[in-house]
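Engineer: compute the structure for the input listed below.
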Amino acid sequence: MTPHPPPRELPRKQAAPLADAAFTLLVQGVLDYGIFMLDPQGYVISWNAGAERIKGYSAAEIVGNHFSVFYPNEDKASGKPQWELETAVADGRLEDEGWRIRKDGSRFWANVVITALWDDKGRLAGFGKVTRDMSERRAAQNALSERRRLFDHLVQAQETERRRIAWDVHDDSIQAMVAVGMRLQLLTERIPESYAAELERLDLSVRGAISRLRNLTFRLHPPGIDRSGLVEALSNHLTEVSDSWKMTPSFEHRLDREPGPETAITIFRIVQEALLNVYKHARASTIAVRVESSDGGIVTSVADNGNGEPMARDAGRDHFGIIEMRERAETAGGWWSMRSEPGVGTTVEFWVPSPPAAARAEPVGPVKPVDPADPADPADPAEPAGEPR
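Structural biologist: Numbers count the residues shown, from 1 in each chain. Sure thing, here's the model as predicted:
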């Protein structure tokens, strides 16, 4: 079989200079950008199809008019058109975004670049102006900002309600159970010995209920986020649950800055649910949590060395936990994923945006914090702080 010769590289072709007529055709044919020229005083002297599509004027209608006709009245009154030309002369070019006016009087959001053009003797020959209609992008950005604002208020409202419920449980239910426990202790000195065992079982049941209620208040509103921020809250929670669940924890964090409260709460809630999922399904001995800044947000992962089968086999609360994690991340404008490998383990990973402080919504208002520990309560039977019930 005769081998084929290697393909021959084609020699580089010497391109002929682009003729003025061809360049004019190129500029005239562009539809996505309005490209036109102004004379040194700002009067339109050329016009392309893109400019006609964006602004609505034909060449016959606009050539010879001053370019200030594209500006809103408030900009013309403030002298903005002339200022832009002067800035382009001084700096070589000017780029601006703002409202512009179409022929029919409607407004659109434009990105504008004005470039000063000089002849071979260094005299100002005019200006090149490129305009792009950015209305759709601006509308998308505004919609994203509004979505973020609504999300922030939703998270704040949820957390406010969680705090209220946690405080009600702390002030009412826990205190009532503490009172019952104290009365049971007083009864031990007054009842016959034959009832002592039964009384002790009742006392243990009351103490267990108090412990579970305290744990509920913690899960409703972990106090560490308010006091110390996301990193310390995650670290403390991971330490508590891993100690009680007999797992070896690992925690890494590389954050450029502390996220806002809504972002921090969202991350904490997803991690909290992921850890609970590990405890209930993974049969793991190690668990690793990592948070780091990435792409204008925070990417977080929760990895275990368990059986790689974290999904519940029923359609009850456990499956809802998976859905809740995904929905929290996606509602925040991020993404969520879970990958498992039998015998190796499972990794939950998600990313949520972390906007700067100026872009975040104002807080709803102060709410009384919840302290999961109460020095007036009797000692509890041993129950892990993160034990799911």
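Engineer: what does stretch 244-256 rub up against?
Structural biologist: 230-231, 234-235, 238-239, 241-242, 278-279, 284-293, 298, 304, 384-387 (CB atoms under 8 Å, 6 or more residues apart in numbering). In this view, the C-beta of every residue, glycine as well, is placed from N, C-alpha and C.
Engineer: and with 6 Å instead?
Structural biologist: With CB atoms under 6 Å, 6 or more residues apart in numbering as the test, stretch 244-256 has contacts from 231, 235, 238, 242, 279, 285-293, 384, 386-387.
Engineer: could I get the buried residue list for that stretch?
Structural biologist: Across stretch 244-256, burial judged by 16 or more other CB atoms under 10 Å covers 245, 247, 249, 251, 253.
Engineer: pairing partners for the helix or strand hosting Phe251, with directions?
Structural biologist: Under the criterion of DSSP states H and E, Phe251 resides in strand 248-254. Partners of strand 248-254 in the sheet, by DSSP bridges, are strand 286-294 (parallel).
Engineer: residues contacting the strand it pairs with, please?
Structural biologist: Outside strand 286-294, the residues that touch it by CB under 6 Å, 6+ apart are 238, 247-256, 278, 298, 300-305.
Engineer: with just CA atoms, put stretch 178-185 into CSV.
Structural biologist: Output of stretch 178-185 as CSV, limited to C-alpha atoms (Å, rounded to 0.1, in the frame of the first residue of the first chain):
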residue,chain,number,x,y,z
VAL,A,178,-37.8,22.9,82.6
ALA,A,179,-40.6,23.7,85.1
VAL,A,180,-41.9,20.1,84.7
GLY,A,181,-38.4,18.7,85.3
MET,A,182,-37.9,20.8,88.4
ARG,A,183,-41.3,19.5,89.8
LEU,A,184,-40.3,16.0,89.1
GLN,A,185,-37.1,16.4,91.0
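Engineer: gap between it and the chain center?
Structural biologist: Centroid displacement of stretch 178-185 relative to its chain, using CA atoms, centre = their mean, to the nearest Å, is 47 Å.
Engineer: which residues of the protein score low on pLDDT?
Structural biologist: Along the chain, the model assigns pLDDT under 70 to residues 1-29, 155, 159, 162-163, 170, 215-216, 218-224, 226, 309-319, 357-389.
Engineer: longest helix in it, please.
Structural biologist: Among the segments of the chain that qualify as a helix by DSSP state H, the longest is helix 135-168.
Engineer: which strands and helices sit next to that one?
Structural biologist: strand 107-118, helix 196-220, helix 261-277 (3 or more CB pairs under 6 Å, 6 or more residues apart in numbering; DSSP states H and E).
Engineer: with respect to Leu154, which of the buried residues of stretch 244-256 is nearest?
Structural biologist: His253 (26.0 Å; CB to CB).
Engineer: go through the helix or strand in which Met182 is found and flag the buried ones.
Structural biologist: If you go by DSSP H and E, Met182 is part of helix 175-187. Applying a neighbour-count criterion of 16+ other CB under 10 Å, one finds 177-178, 180-181, 184 buried in helix 175-187.
Engineer: how about the residues you listed in CSV, adding distance to Ile225?
Structural biologist: Shown next, in CSV, are those (distance: CB to CB, whole Å):
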residue, distance to Ile225
Met177, 27
Val178, 27
Val180, 32
Gly181, 30
Leu184, 36
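Engineer: how far off centre is the longest helix of the chain?
Structural biologist: Taking CA atoms, centre = their mean, the mean C-alpha location of helix 135-168 is offset from the chain mean by 11 Å.
Engineer: could you do stretch 327-343 as well?
Structural biologist: 14 Å.
Engineer: what's near enough to touch Phe36?
Structural biologist: By CB under 6 Å, 6+ apart, the contact set of Phe36 is 44, 46-47, 51, 129.
Engineer: of the buried residues of stretch 244-256, closest to Asp39?
Structural biologist: Taking CB to CB as the measure, Asp39 lies nearest His253 of these, at 59.2 Å.
Engineer: run through the bridge partners of that closest one.
Structural biologist: Val291.
Engineer: what's the distance between it and Ser194?
Structural biologist: 58 Å (CB to CB, to the nearest Å).
Engineer: over to Val30?
Structural biologist: Distance from Val30 to Ser194, by CB to CB: 98 Å.
Engineer: ok, these two, which is more surrounded?
Structural biologist: A count of neighbours by other CB atoms under 10 Å puts Val30 above the other of Val30 and Ser194, at 15 against 7.
Engineer: and Ala209, how far is that from Val63?
Structural biologist: 85 Å.
Engineer: with Ser173 instead?
Structural biologist: Distance from Ser173 to Val63, by CB to CB: 80 Å.
Engineer: ok, His237 next?
Structural biologist: On the measure of CB to CB, His237 and Val63 end up 69 Å apart.
Engineer: and if you look at Gln185?
Structural biologist: 97 Å.
Engineer: tell me the buried residues in stretch 225-237?
Structural biologist: Buried, per 16+ other CB under 10 Å, within stretch 225-237: 225-226, 230-231, 233-237.
Engineer: Gly334: which of the residues you listed is nearest?
Structural biologist: Leu230 (14.9 Å).
Engineer: for that closest one, which non-adjacent residue is spatially closest?
Structural biologist: Nearest residue to Leu230 in three dimensions, chain neighbours excluded: Ala264, at 4.0 Å (CB to CB, 6 or more residues apart in numbering).
Engineer: that neighbour and Ile225 touch, don't they?
Structural biologist: Yes. Contact criterion CB atoms under 6 Å: Ala264 and Ile225 qualify, at 5.4 Å.
Engineer: give me the number of residues near Asn277?
Structural biologist: Asn277 has 23 neighbours, counted by other CB under 10 Å.
Engineer: swap that for Asn142, please
Structural biologist: Neighbours around Asn142, by other CB under 10 Å: 11.
Engineer: before we move on, what about Gly105?
Structural biologist: Gly105 has 7 nearby residues by other CB under 10 Å.
Engineer: before we move on, back to that, mind listing which of the buried residues of stretch 225-237 are in helices?
Structural biologist: When DSSP H is applied, these are split such that 225-226, 230-231, 233-237 fall in helices.
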